[in-house]
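**Student:** Sequence unavailable; structure follows:
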C-alpha cells in the first residue's frame, strides 16, 4: 500500500495549488505539462495499479526522456498526492436538494470514482493531500451537514463519519471488481465452486444464527446484490442516525 502525504510539504503544496515557479521566458517551452504528467500517471495506475506507476513508466507514456517528468515533479511521493487530489476534483458535487440528497449523491459519486480508479483503494490517505479536491469535498459535505440542527462540533464529526464509511464501502466494491478482473472468474462462479462447503462442511448446530438467517431468506441474493444492499443500508442507517441526533439536540 502507498501513502499520501509523504512528499516534501512545500513542493507538494506548491504543485497541488499550481503555484508554478516563474520561468525566465527564454528557451524552448516545456515538452510536457504538470496536468499531462498527472493524467499519464493516473492512466498507468488505472491500467496496472499504483505499484506499476513509476516515474519511468510515466515518462514512457508521455513519450519523453526518463528524467523529463522530474523537471515538474520531485518524485513519486508528490505525484501520488497530485493523483489522489485530481481524482477527488473529478467528483460531481451537486449542492441542490436536501442535505440527505447531497450526501447520498456524494456517496454514489465516490463509489463510481473508485470503480474508475481502483488504485485509490491501495493509497492510504490518513495524511491527506491538502489540495483543492480535498477542500472541495470537505466544503461540500460541511455545507450540506450545516443544514441540520447538529451542533458546530458535531458537523465535522458527522462529515468524518460519512467519509470514513463511504470510502471504505467504495474501496471494498472496487476490490471485488478488481479480484474478478484479475482472476477472470466472476464472484458468482467463485462462490458456485465452493458450494461443497455448504453441502459437506458447514455445521448449522455450531453456527445457529447463520443457519437461521439462511433459512429465513436472509441470504437470498448474489454477491453484487449483497454489497449494494449493505452499502444502501449502511448509508441510510448513518444518515438516519445523524437525523435522530440532530432532532434530539434541537429538542433540548
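**Tutor:** Right, received. Where do you want to start? Here the structure is a predicted model, which means the values were calculated and not measured.
**Student:** Pull the contacting residues for residue 187.
**Tutor:** 176, 179-180, 222-224 (C-beta atoms under 8 Å, 6 or more residues apart in numbering). Yep, even glycine has a C-beta here, placed from its N, CA and C like the rest.
**Student:** With residue 150 instead?
**Tutor:** Residue 150 neighbours (C-beta under 8 Å, 6+ apart): 158, 242, 245-246, 249.
**Student:** mind checking how far it is from residue 142?
**Tutor:** From residue 150 across to residue 142, the span is 11 Å (C-beta to C-beta, to the nearest Å).
**Student:** Ok, residue 112 next?
**Tutor:** 22 Å.
**Student:** Need phi/psi at the closest residue to residue 16 other than its chain neighbours.
**Tutor:** In this structure, residue 16 finds its nearest non-sequential neighbour in residue 131, 3.5 Å apart by C-beta to C-beta, 6 or more residues apart in numbering. Dihedral pair for residue 131: phi -120, psi 180, per degrees, to the nearest 10.
**Student:** do residue 72 as well
**Tutor:** Reported as degrees, to the nearest 10, the phi and psi values for residue 72 are phi -110, psi -40.
**Student:** what sits against it?
**Tutor:** 15, 30, 32-34, 37.
**Student:** Keep only those of those that are in helices.
**Tutor:** Using DSSP state H, 15, 34, 37 are the members of those that sit in helices.
**Student:** Report the secondary structure element holding residue 114.
**Tutor:** For residue 114, the host element (DSSP states H and E) is helix 99-116.
**Student:** do the same with residue 11
**Tutor:** helix 9-16.
**Student:** again, but for residue 160
**Tutor:** helix 154-183.
**Student:** So for that helix, what gets flagged as buried?
**Tutor:** 154-155, 158-159, 162-163, 165-167, 169-174, 177-178, 180 (16 or more other C-beta atoms under 10 Å).
**Student:** And it, what does it pack against?
**Tutor:** Helix 154-183 is packed against helix 99-116, helix 132-145, helix 187-192, helix 223-251, with contacts defined by 3 or more C-beta pairs under 8 Å, 6 or more residues apart in numbering; DSSP states H and E.
**Student:** Also compute the angle for it relative to helix 99-116, please.
**Tutor:** 30 degrees (axes from the mean of the first three to the mean of the last three C-alpha atoms, to 10 degrees).
**Student:** List the contacts of residue 31.
**Tutor:** Going by C-beta under 8 Å, 6+ apart, the list of residues near residue 31 reads 62, 64, 68.
**Student:** Alright, that wraps it up for me.
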